[in-house]
Structures are given as structure tokens and as C-alpha cells.
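Q: Build me a model from this:
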Amino acid sequence: MKDLSHRAALLVRFGYVGDRFFGLQPQPGLPTAGGALIDRLTSAAAGRAPRGMAFAARTDRGVHATRNVATCWFPVGEVDVDAAIRAVTAPRDDGLMVHGAWRVDPFTHARSVSSGKHYRYVIEYGVDSALASGLHTHAWAVVPTLDEALMQVAATGLLGTHDFSTLRGAGCSAGTPVKTITRIDVTRQGHLMVVDVEGDAFLRHMVRNLVGLLVEVGSGWRSATCIPEVLAAGHRQAAGLMAPSGGLTLEDVVLLPLLSAVIDV
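A: Purely as a prediction, here's the structure:
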């Protein structure tokens, strides 16, 4: 096994307001949530930039997060890690909400700490115009009135393990389109429809395409029993609408039990 004893590794729980950033992944010359976290850690570590930054869930431009996970490391002895942990959680106006940071085993990597993810999508329905922004700042404003019961029937057809190629966005790098969805709840909250989705892993744009499909069902454009046929098609064109990014929030990255036992989450 490779000797990583020279690394002081950190795990960071953080959220962000998606419309302040050009996505999560650091990009030269553009404000990103990942870049803001690197800047905050560099400041907390007295100017030393973290190495090996990785994220448990990738989010696109405009997508929000309540609790994502990042891992990184500093060379042992070069940084006061305890001081950096205290400093990185201090509030500041950079679009981030850092909930906590912990020192972890140097073999811990953000891409392998999760047993699942929880996404939430908010829709404001029955607005006066398709061009209206609606009253809810983090919601997709749609004109049609949506039928919650029909959407839930369709959602049930998406539960379980399936080949989700139909809901796979262009440029997806996942090794397999086979994923498992463990929960989809569609709930009405006044003039908002809230869709909660949990699963082991997700393809690029999968949740946004899923929500677009449910909206088509809820508006009466599709039958609530269409899901088997849509999934069997195996191509993106069969799924219809892709919901915009602004209504989507990564609510949680569910940590593996061994990590949850030692980290106050």
C-alpha cells in the first residue's frame, strides 16, 4: 500500500448558492463553488493551497447544494491543520456555507465516501406566463397546473435499478447507465411541487431530465404509465423536457457508516 503518512487529509461538508457560480469544478478565470472552497482553504492555511481537491457530487452551473463533500490534503508539518479547520468554517460572503471540516485518514477520497445522494427539485406551477420568474427564487416556474397524484404514479415506475440511458445527459462520463433510485416523493406545498429523489448514484442531468418527464406527466402531456416505454427506448429524445438548473438542490451526500460514526454531521 502506498505510504501517505506525509499527508494531512481533510474532509469538508459545504453548501453553496448555485446562481453565484459557474458550476462546481474550478475553472480558470470563472467563479466556481470549488474554486471558492480552494480560496477559503488557502486563506485558512496561511496561503498554502490544498492539494488533491475532489468532490463527492458534481453539480452544473446554477445548481445549488445544501451539503456536498470535498476532500483534500496538506503536507504534514507545513500547515497548522487545527487552525485551518477553525478558520475555514468561519462565515464569509463568498457564496459558500461550510458546515464543518475534519481530519480524516489520508486514503479517504470524496468519490468513495458516499452510499447515496439526495436531490430536491422545486417547481412553481400555475404562473401567469412561461416568461414569468415566479415568486420562489430557486424554483422552475411553469404555466400548467400539475397533478401531484399522476406525478407520483409515474415516479413509482422509476424506482429500483434500471438502465437510465434515456435520462442521461450529453457528455456524461459515468461507466454505466445502470443506477438505483431508492426514493422519489412528489409533494405539494401551496403553489410549489417538490420532488425529492434519492439513489446510489446519478448520471449527468439525470435528475433534471427525470423532473422534466414528471412535469410532462403532471401537466397531462404524457400518461402516468409511460415510464416503462420511456426507459426501454434507451435514448435521450424519448424523455422530453430537461428541467432548468435553478430549481435543483443537492440536499445531501450520505456518508458511509464508518465515516458517519466519527464525523459530526
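
Q: Against Asn209, how distant is Phe22?
A: From Phe22 across to Asn209, the span is 21 Å (CB to CB, to the nearest Å). In short, each C-beta sits where N, CA and C put it, glycine included.

Q: Of those two, which one has the most company?
A: A direct count of neighbours by other CB atoms under 10 Å for Phe22 and Asn209 places Asn209 higher, at 22 against 17.

Q: Surely that one touches Ala238?
A: No - Asn209 sits out of contact with Ala238 when judged by CB atoms under 8 Å, with a separation of 10.3 Å.

Q: what residues do the two have in common as contacts?
A: Residues touching both Asn209 and Ala238 (CB atoms under 8 Å, 6 or more residues apart in numbering) are Thr166.

Q: Counting neighbours, which bits of stretch 66-75 end up buried?
A: Within stretch 66-75, the residues that count as buried by 16 or more other CB atoms under 10 Å are Thr66, Arg67, Asn68, Val69, Ala70, Thr71, Cys72, Trp73, Phe74.

Q: same thing with stretch 6-13?
A: Arg7, Ala8, Ala9, Leu10, Leu11, Val12, Arg13.

Q: who's the first one bridged to?
A: Which is Arg7. On the basis of DSSP bridges, Arg7 is bridged to Pro75.

Q: mind listing what it touches?
A: Shown in contact with Arg7 (CB under 8 Å, 6+ apart): Trp73, Phe74, Pro75, Val76, Pro106.

Q: how far away is the third one from Ala45?
A: By that I understand Pro75. 10 Å.

Q: Over to the first one?
A: Going from Trp73 to Ala45 by CB to CB gives 11 Å.

Q: bridging residues for Gly15?
A: Met97.

Q: quick one: pLDDT of it?
A: Per-residue confidence (pLDDT) for Gly15: 96.

Q: go on, the one 3 residues further on?
A: Looking at Gly18, its pLDDT stands at 92.

Q: Can you give me every residue that contacts the nearest residue to it once chain neighbours are set aside?
A: Leaving aside its sequence neighbours, Gly18 sits nearest to His64 (CB to CB, 6 or more residues apart in numbering; 4.1 Å). Contact partners of His64, counting by CB under 8 Å, 6+ apart, are Gly15, Tyr16, Val17, Gly18, Asp19, His138, Leu248, Thr249, Leu250.

Q: Out of the buried residues of stretch 6-13, flag the one nearest to Asp94.
A: Val12 (13.7 Å; CB to CB).

Q: Wait, the closest one touches Arg103, no?
A: No - Val12 is beyond contact range of Arg103, at 10.9 Å (criterion: CB under 8 Å).

Q: and the contacts of His64, which of them are in strands?
A: In this view, the contacts of His64 that belong to strands under DSSP state E are Gly15, Tyr16, Leu248, Thr249, Leu250.

Q: Using the three-state scheme, assign the residue of the chain positioned farthest from its centre.
A: The C-alpha centroid of the chain is most remote from Gly77, which lies 34.0 Å away (CA atoms, centre = their mean). Counting by DSSP: H, G, I helix; E, B strand; the rest coil, the backbone at Gly77 sits in coil.

Q: any idea how far it is from Gln27?
A: For Gly77, the distance to Gln27 - CB to CB - is 31 Å.
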